[in-house]
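Student: For reference, the sequence and a predicted model appear below.
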Amino acid sequence: MKRAKICALIGSVFTTLIAVLMMFAFIRFIVNWEVKNLEVTLSIAGHSGIFLLKLFALILVIVMSIMIVNWVAFIRMDRPTGGIWQFYQLIIGSFYILVSLVDLHVMVVTLPLGLCFVLSFILARMDSV
């Protein structure tokens, strides 16, 4: 396996891990919603519980979609039309690097992901020359 594909594999595996952990967090959020009457607690704090539930579900769908597209990009990056998918990896890697500037806790997770995808793009371009 080429170096670029290995970097893309590492990034895709970590993205999958994040998506699975987020799915478990969403399930836990729903279970706590019923058990601990989270709606009342959030309404006392001035937040709409249904809005937070919908927002969490939307973010989960976005993360799952990114995970699926990352795996498609990993699979198709060696094909003749792989340049498009390599460019996608550059874009998603740049996005992860920008997101890592938000907070220190976020940086620990997203900076290595971003570097993996950007490095995958660079190594793929170096191998094709």
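Tutor: Okay, I see it.
Student: and after the least confident helix or strand in the chain by mean pLDDT, which helix or strand comes next?
Tutor: Across the helices and strands of the chain, mean pLDDT, DSSP states H and E gives its lowest value to helix 38-44, namely a mean of 67. Downstream of helix 38-44, the first helix or strand assigned by DSSP states H and E is helix 49-76.
Student: I'd like to know which elements that next one is packed against.
Tutor: Contacts defined by 3 or more CB pairs under 8 Å, 6 or more residues apart in numbering; DSSP states H and E place helix 49-76 against helix 3-35, helix 38-44, helix 82-99. Placement of C-beta: from N, CA and C, glycine included.
Student: show me where pLDDT drops low in this structure?
Tutor: 1, 33-45, 47-49, 81-82 (pLDDT under 70).
Student: re the thing from before, can you lay out the helices and strands packed on helix 49-76 as CSV showing distance to I122 and mean neighbour count?
Tutor: Listed next are these as CSV, based on distance: least, CB to CB, whole Å; neighbours: other CB atoms under 10 Å:
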stretch, distance to I122, mean neighbour count
helix 3-35, 8, 16
helix 38-44, 45, 13
helix 82-99, 8, 18
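Student: Relative to I62, which of the ones you listed is closest?
Tutor: Set against I62 and scored by CB to CB, the helices and strands packed on helix 49-76 come closest in helix 3-35, at 9.9 Å.
Student: now that closest one and helix 82-99, what's the angle there?
Tutor: For helix 3-35 against helix 82-99, the angle by axes from the mean of the first three to the mean of the last three CA atoms, to 10 degrees is 50 degrees.
Student: any idea of the angle helix 3-35 forms with helix 49-76?
Tutor: Orientation of helix 3-35 against helix 49-76 (the same axes, to 10 degrees) gives an angle of 160 degrees.
Student: Centre of the chain to helix 3-35, how far?
Tutor: Remark: helix 3-35 is offset 8 Å from the chain centroid, using CA atoms, centre = their mean, to the nearest Å.
Student: which helices and strands sit right next to that helix?
Tutor: Using 3+ CB pairs under 8 Å, 6+ apart, helix 3-35 sits against helix 38-44, helix 49-76, helix 82-99, helix 104-128.
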